[in-house]
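Colleague: this one's structure only:
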């Protein structure tokens with residue numbers, strides 16, 4: 001595996017992220033709808049913060065924060081994308097949407113939402129694959145999205161796999177042609193008659209907090225298993241690693257057998273050497289003659 005990006009967002013590196021969103025783009029317009037305000041995108045030692053606020057800005061009553069435009073050297077067509085995130089806390093109120101997704105450069109399609117929430121259900125993550133061939137959506141429920149979780153998507157061997165905290169939640173057939181993908185993250189409010197609904201009694205401001213984004217160009221090893229190189233390393237050190245029970249048992253068993261054989265041989269050799277050292281010259285000569293006779297008779 002080759003990790004090509006692991007950004008922990010002590011600051012916003014504009015050589016990595018080239019687009020701090022500043023317009024509505026594809027955001028839903030209308031009442032109340034929202035637009036992006038670049039001031040809502042900040043970073044500090046705890047990570048990236050994409051705020052969502054109730055404020056008057058460019059003719060809108062709500063603003064969100066968005067970041068994307070991943071530099072070309074970090075765009076890949078298949079691999080593994082991972083983010084550790086905490087979504088806006090708004091109870092059961094509608095209208096607050098947070099997302100982390102992949103999309104084609106310069107196009108809205110394909111789009112792979114590997115972590116998306118709506119304020120109407122803060123305990124559900126929406127996992128969606130949009131393409132010209134249609135939309136496939138799965139959900140992962142029973143997750144407190146307002147707490148820190150790790151969200152991962154693998155695009156590999158014509159499959160799209162979604163993970164939360166290392167647990168596989170959905171496997172979908174890839175329904176788009178292979179092409180370079182970029183990362184987009186943000187917050188927005190919905191329309192009263194549209195997706196996500198519109199804010200009711202939601203407390204503002206809120207934010208989508210992201211501790212890191214990691215990109216790996218190899219997803220051949222499923223999450224939760226070790227690659228051959230990792231296994232080798234673990235087995236080598238398993239004698240001192242009590243948590244890897246299986247590896248410890250197998251490795252120590254083999255080592256014990258090998259060490260027992262080596263110890264027995266060493267003990268026998270030592271005993272023979274000691275025996276001959278205690279013989280007189282005549283006894284040694286006699287034993288030598290006997291051995292010679294045995295050899296000649298064979």
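Modeller: Yep, it's here. In this text the structure is predicted, and so the values were computed from the model without any measurement.
Colleague: For residue 165, grab phi and psi.
Modeller: phi 50, psi 40 (degrees, to the nearest 10).
Colleague: swap in residue 290?
Modeller: phi -60, psi -40.
Colleague: That one: neighbouring residues, count only.
Modeller: 10 (other Cβ atoms under 10 Å). C-beta coordinates here come from the backbone N, C-alpha and C atoms, glycine included.
Colleague: any idea how far it is from residue 13?
Modeller: Residue 290 is 84 Å from residue 13, where distance means Cβ to Cβ, to the nearest Å.
Colleague: what's the answer for residue 164, then?
Modeller: 27 Å.
Colleague: ok, these two, which is more surrounded?
Modeller: Using other Cβ under 10 Å, the more surrounded residue of residue 164 and residue 13 is residue 164, with 19 against 12.
Colleague: ok, residue 96 touching residue 145?
Modeller: No - between residue 96 and residue 145 there is no contact under Cβ atoms under 8 Å: 10.9 Å.
Colleague: what's the closest residue to residue 53 other than its chain neighbours in contact with, if anything?
Modeller: Sequence neighbours aside, residue 205 is the residue nearest to residue 53 in space, at 4.3 Å (criterion: Cβ to Cβ, 6 or more residues apart in numbering). Under the criterion of Cβ atoms under 8 Å, 6 or more residues apart in numbering, the contact list for residue 205 reads 51, 52, 53, 54.
Colleague: And the pLDDT at residue 205?
Modeller: For residue 205, the model assigns a pLDDT of 90.
Colleague: And for residue 107?
Modeller: 82.
Colleague: Kindly report the same for residue 92.
Modeller: 58.
Colleague: do residue 142 as well
Modeller: Predicted confidence (pLDDT) for residue 142: 93.
Colleague: ok, the closest residue to it other than its chain neighbours to residue 99 distance?
Modeller: Distances taken as Cβ to Cβ, 6+ apart put residue 123 closest to residue 142, at 6.2 Å, once the chain neighbours are dropped. Distance, residue 123 to residue 99, using Cβ to Cβ: 17 Å.
Colleague: So which of the two has more stuff around it?
Modeller: For residue 123 and residue 99, the more surrounded residue by other Cβ under 10 Å is residue 99, and the numbers stand at 24 against 13.
Colleague: pretty sure the more buried one is in a helix, no?
Modeller: No - counting by DSSP: H, G, I helix; E, B strand; the rest coil, residue 99 is located in no helix; its state is strand.
Colleague: residues contacting it?
Modeller: Contact analysis of residue 99 by Cβ under 8 Å, 6+ apart lists 113, 115, 116, 117, 184, 185, 186, 187, 208.
Colleague: pLDDT below threshold where in the stretch 151-298 of the chain?
Modeller: For the stretch 151-298 of the chain, residues meeting the criterion pLDDT under 70 lie at 201-202, 224-284, 298.
Colleague: center of this protein - which residue?
Modeller: By Cα atoms, centre = their mean, the chain has its centre lying nearest to residue 82, at 4.2 Å.
Colleague: Show me what it bridges to in the sheet.
Modeller: Taking DSSP bridges, one finds residue 152, residue 214 as the beta-bridge partners of residue 82.
Colleague: didn't it look like it was pressed against residue 211?
Modeller: No - taking contacts as Cβ under 8 Å, residue 82 lies outside contact range of residue 211: 10.7 Å.
Colleague: Excluding chain neighbours, give the residue nearest to residue 124 in space.
Modeller: Spatially, and ignoring its direct neighbours in sequence, residue 124 is nearest to residue 141 (4.7 Å; Cβ to Cβ, 6+ apart).
Colleague: Could you check how far the one you found is from residue 107?
Modeller: For residue 141, the distance to residue 107 - Cβ to Cβ - is 31 Å.
Colleague: Then residue 172?
Modeller: For residue 172, the distance to residue 107 - Cβ to Cβ - is 20 Å.
Colleague: More neighbours: which of these two?
Modeller: Counted by other Cβ under 10 Å, residue 172 and residue 107 do not tie: residue 172 has more neighbours, with 16 against 11.
Colleague: give the contact list for the residue nearest to the centre of the chain.
Modeller: Counting by Cβ under 8 Å, 6+ apart, residue 82 touches 150, 151, 152, 153, 212, 213, 214, 215, 216.
Colleague: doesn't residue 108 make contact with residue 131?
Modeller: No - the pair residue 131 / residue 108 is not scored as a contact, 10.5 Å apart, by Cβ under 8 Å.
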